[in-house]
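A.B. asks: what would the 3D arrangement of this be:
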Amino acid sequence: MIMSQKDRAVWVDSMLEYRMEKLLPELMRRAEIDMWVIISREYNEDPVMKTMLPATWLSARRRTMMVFYDPGNGQKIEKVAIARYDVGRLLHGEWNIDVYPDQWEAFTNLIEKYQPNKIGINTSEYFGLADGLVASEKENLINALPQKYKSKIVSAEKLALSWLETRTDMELEFYKALCNLSRNIIKEGFDPNFIKTGMTTTDDIVWKLRQIVTDYGLDVWFHPTVSIQREDKNKFDHVQSFSGRPKDQVIQFGDLLHVDFGITYNRLNTDQQQHFYVLRPDENEIPKGLQKAFATANRLQDILTSQFSVTKSGNEILSNALKVAKQENITASIYTHPIGFHGHAAGPTIGLWDQQNGVKGAGDYIVYPNTAYSIELNATSEINEWGKIVRIMLEEDGYFDGSDFKYFAGRQEEIYKLRLK
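C.D. replies: I've put the predicted structure just below:
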């Protein structure tokens, strides 16, 4: 059952309250930053700020300044908005326009009051999600600071990433239902009563999926794709699998259908890729070659998730997993990413489809506990029945708890059968 809009707002605000009261102090101390400053103007929000706005705020207002200060010694984090009003229940508005007509003056006064050792701002070379302070606001901030504080400015990259990537127990529990819902929508989109061989196209299914999500009152965070591999002379084009897919391929008996799909609900995202096989009229089982190819892709998932370990970088995990895959004669490609407040979320990149030797910067970031990932990859296999190579492209969402990787709602372990008329 989908929550009402009001219940969603209650859930989101409860999530934010826990994150700011319990999680944020831990993350600030881990990053060794005692003041975190986030500044955005309306409709040009820092990606981090977007995740901190209360449910009833759909954007920043005018210029929104958020300041988080850790007094140390285990004291509570100070959460202040340099604004004329509070930001929800969590950030108290502290701009008295009668005393400080200029907002930047009010900001300077707060700096002098707290006297921070490090002022973290959201700038980053490799992570766009942690690079949300625009150039003009950064210039204004530096100009407003008293001289003795200018040298205290540091990048809050690690703090911003940890805020975005760390999932609380509340979020992890919700993710189980979310991934089940997303999978059920996929199956609804591939309803055998909807698909007619020789008539229905891949694009028809794409738009059916979009409509189902809309009817549920939810959103997709990317346009879904549905593609076909079949017994013909066409070779698999990996570049085309990411862009330039034909939109109007007509579905036939004997087709291996692939879907890439993700939804957004309560600010969290899913990302799943699954496979369906259209049984021929004289078939009751999926060709053995395809079954074996799918099992190989499942094995590649196991190889990858077994490499997760605290303090390993994304590049280390990628290299180790590809090494084991090669030893097992699996032709593998791995392009796994974190998931959470964003579809391609903050955290370590574990390969890109066109960068299998590691990813500079984003791949050097290490794994932390309580982070969620889309295990995205493919395994190439020769299908004897078809006399050609097929790629099984899988993607399932799960989380690393610090010792084990667990899928939120299991994973697809066999190709779904479609019996069509």
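A.B. asks: and the average pLDDT for stretch 300-312 is what?
C.D. replies: Averaged over stretch 300-312, pLDDT sits at 97.
A.B. asks: now do the same end-to-end measure for that stretch.
C.D. replies: Start-to-end span of stretch 300-312 (CA to CA, to the nearest Å) is 19 Å.
A.B. asks: what about that stretch, distance to the chain center?
C.D. replies: On the basis of CA atoms, centre = their mean, to the nearest Å, stretch 300-312 sits 18 Å off its chain's mean C-alpha point.
A.B. asks: name the residues that touch it?
C.D. replies: Residues outside stretch 300-312 that contact it (CB atoms under 8 Å, 6 or more residues apart in numbering) are 316-317, 320-321, 324-325, 328, 330, 332, 334, 336, 350, 366-369, 375, 377, 379, 394, 396, 398, 400, 402, 405, 411. Using the backbone N, CA and C atoms, a C-beta is placed for each residue, glycine as well.
A.B. asks: are any of those residues buried, and which?
C.D. replies: Among these, those classed as buried by 16 or more other CB atoms under 10 Å are 316-317, 320-321, 324-325, 330, 332, 334, 336, 350, 367-368, 375, 377, 379, 394, 396, 398, 400, 405, 411.
A.B. asks: just the ones in strands from the contacts of stretch 300-312, please.
C.D. replies: Judged by DSSP state E, the contacts of stretch 300-312 include 332, 334, 375, 377, 379, 394, 396, 398, 400, 405 as members of strands.
A.B. asks: in the chain, which residue is most central in space?
C.D. replies: Nearest residue to the geometric centre of the chain (CA atoms, centre = their mean): residue 339, 2.4 Å.
A.B. asks: look at that one and report its pLDDT.
C.D. replies: Residue 339 is assigned a pLDDT of 98 by the prediction.
A.B. asks: use 238 as the first number from now on
C.D. replies: Yep, numbering from 238; the last one is residue 576 now.
A.B. asks: where in this structure is pLDDT low?
C.D. replies: 297, 335, 473-484 (pLDDT under 70).
A.B. asks: buried stuff in whichever helix in it runs longest?
C.D. replies: Longest helix in the chain by number of residues (criterion: DSSP state H): helix 406-426. Neighbour counts using 16+ other CB under 10 Å place 408-409, 411-413, 415-416, 418-420, 422-423, 426 of helix 406-426 among the buried residues.
A.B. asks: now swap in stretch 324-334 and tell me
C.D. replies: Residues of stretch 324-334 classed as buried: 324-325, 327-328, 331-332 (neighbour count, 16+ other CB under 10 Å).
A.B. asks: swap in stretch 514-530?
C.D. replies: Burial within stretch 514-530, assessed by neighbour count using 16+ other CB under 10 Å, is assigned to 514-516, 523-524, 526-527, 530.
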